[in-house]
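Novice: give me the fold of what follows.
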Amino acid sequence: MSTQVKFKDKNRSQFFPTVRKRVDAYFKTQGISTHANGAMWRKTSFFLIGYATLYGLILSNQFGLWAMLAMAIVLGMFAAFIGFNVSHDGLHGSFSARSWVNRLTGNSFYLLGANPYIWKVTHNIVHHTYTNIPGHDEDIELAPGLVRLDPAEDLRPWHKYQQWYTFPLYALASLSWVFRKDFVKFFKSEIGHHDNSSHPRAEYVKLFVSKALYYVFFLVIPYVVLGLTWWQLAIGFVLMHVAEGLVLGLVFQLAHAVEGTDFPMPDERGDIQAAWAVHQMQTTANFAPDSALAAFLCGGLNRQIEHHLFPKVCHIHYPAISKIVKSTALEFGLPYLENRTFGSALMSHFRLLRTLGKTAPIQVEKPVIVPLTKQVPEPVM
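Specialist: Model (predicted):
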């Protein structure tokens, strides 16, 4: 039987209406906007200026090779922090009430060598709607065949080592994004089961032009200006992206691939037996919630629960609304998963990889899925 994945709220959960009402009341009583405030603009300026400064210092050719290599590594980390703190909010439309500001900040994603248009499809629509659902959420398909996060996936002999080799794969994620992933995703007919068969003509131009410009700014210009050998340039470029990939990969995976998070399969009718918001609570976890450093660097992605429930709220407000979300979840008997530190989340991710690397596949009857149309809405507050 052909079906579409649907969330069936048989119990008519009042969790989301209640928590949304309480969060709305918080912003109203405080008299503040759900968008960026002064602190948000300051951290945005810090990361963008830091990125430009590091790039300029490298091209100044006033430093030795080891100093330039160190700056290239830090530049890769700054690129990841821009993705977390600036691009992510802009692409969700939470940075500002003005659409042009969101477009501008969202386009900072190009500084990572990544395409904002295809990200909005894979992340805003698919991942946020079908979080941790195997076959739909491609964010949990780290390296198909190599890394097993789907409990129903066949267990291969090499999976028993995946807790060791997955982390080096994260280091390659950014390089793959720059040279391969965006092109593959752009030209796939489906992402998950979302129809991805057609795009505006302008997006074809943006994809190829932006990639070409990135290659010029990070490969051609440094080669010409710095007088490096090709292999010296390659080492600097690769290590920059190794740093970027590790930061991106670890932060994103610690939100959904840790102990306690679910990876639910639709039933034979294609139904998930939970309300959408309840599903988010079951598949998402926070980490280092009390760390000011994590909040500053990760752009609120250490509070993924709040982000998934309220993607239209700027991440600068997550610490405040997290108290509301947590108390409401406990009131409704729902999980509120969190690892108290980055280290504990990292170990939890390691243990989950180890467990899934040796656990026999769950036998489920997978439905035949009808591809979803491009009109599937992004969850909103």
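Novice: give me the pLDDT value at the closest residue to Ala288 other than its chain neighbours.
Specialist: Residue nearest to Ala288 in three dimensions, not counting chain neighbours: Ala294, with 3.9 Å by Cβ to Cβ, 6 or more residues apart in numbering. For glycine as for every other residue, the C-beta is placed from the backbone atoms N, C-alpha and C. Listed pLDDT for Ala294 reads 94.
Novice: likewise the one 10 residues further on?
Specialist: The score at Gln304 is 95. That number is its pLDDT.
Novice: what's next to the helix or strand hosting it, contact-wise?
Specialist: Using DSSP states H and E, Gln304 sits within helix 304-309. Under the contact criterion Cβ atoms under 8 Å, 6 or more residues apart in numbering, helix 304-309 has outside partners 16, 19-20, 128, 131, 255-256, 277, 280-281, 284-286, 300-301, 313, 315, 318, 321-322, 325, 336-338, 379, 381.
Novice: okay, and which of those residues map to strands?
Specialist: 285-286, 337-338 (DSSP state E).
Novice: TSV for these, including neighbour count and distance to Leu75?
Specialist: As requested, those are exported to TSV (neighbours: other Cβ atoms under 10 Å; distance: Cβ to Cβ, whole Å):
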residue	neighbour count	distance to Leu75
Ala285	24	30
Asn286	27	28
Leu337	22	33
Glu338	22	31
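Novice: which one of the residues you listed sits closest to Asn107?
Specialist: Asn286 (28.3 Å; Cβ to Cβ).
Novice: where do the strands of the chain begin and end?
Specialist: Residue ranges of the strands in the chain, as given by DSSP E, are 2-3, 6-7, 190-191, 194-195, 271-272, 285-287, 337-339, 368-369.
Novice: redo those as CSV? Include mean pLDDT and distance to Tyr117.
Specialist: Formatted as CSV, the strands of the chain follow (pLDDT from 0 to 100; distance: least, Cβ to Cβ, whole Å):
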stretch, mean pLDDT, distance to Tyr117
strand 2-3, 44, 29
strand 6-7, 86, 27
strand 190-191, 84, 12
strand 194-195, 84, 14
strand 271-272, 85, 28
strand 285-287, 96, 29
strand 337-339, 96, 31
strand 368-369, 38, 24
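Novice: could you identify which of those is most buried?
Specialist: strand 285-287 (a mean of 26; mean count of other Cβ atoms under 10 Å).
Novice: direction included, what does that one pair up with?
Specialist: Strand pairing for strand 285-287, using DSSP bridges, gives strand 337-339 (parallel).
Novice: contacts for the strand it pairs with?
Specialist: Strand 337-339 has contacts (Cβ under 8 Å, 6+ apart) with 254, 258, 260-261, 281, 284-289, 305, 345, 348.
Novice: out of these, which are buried?
Specialist: Among these, those classed as buried by neighbour count (16 or more other Cβ atoms under 10 Å) are 254, 258, 261, 281, 284-289, 305, 345, 348.
Novice: export those residues to CSV and tack on distance to Arg103?
Specialist: Listed next are those as CSV, based on distance: Cβ to Cβ, whole Å:
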residue, distance to Arg103
Leu254, 29
Val258, 33
Thr261, 32
Met281, 31
Thr284, 27
Ala285, 31
Asn286, 29
Phe287, 30
Ala288, 31
Pro289, 31
Ile305, 27
Ala345, 33
Ser348, 36
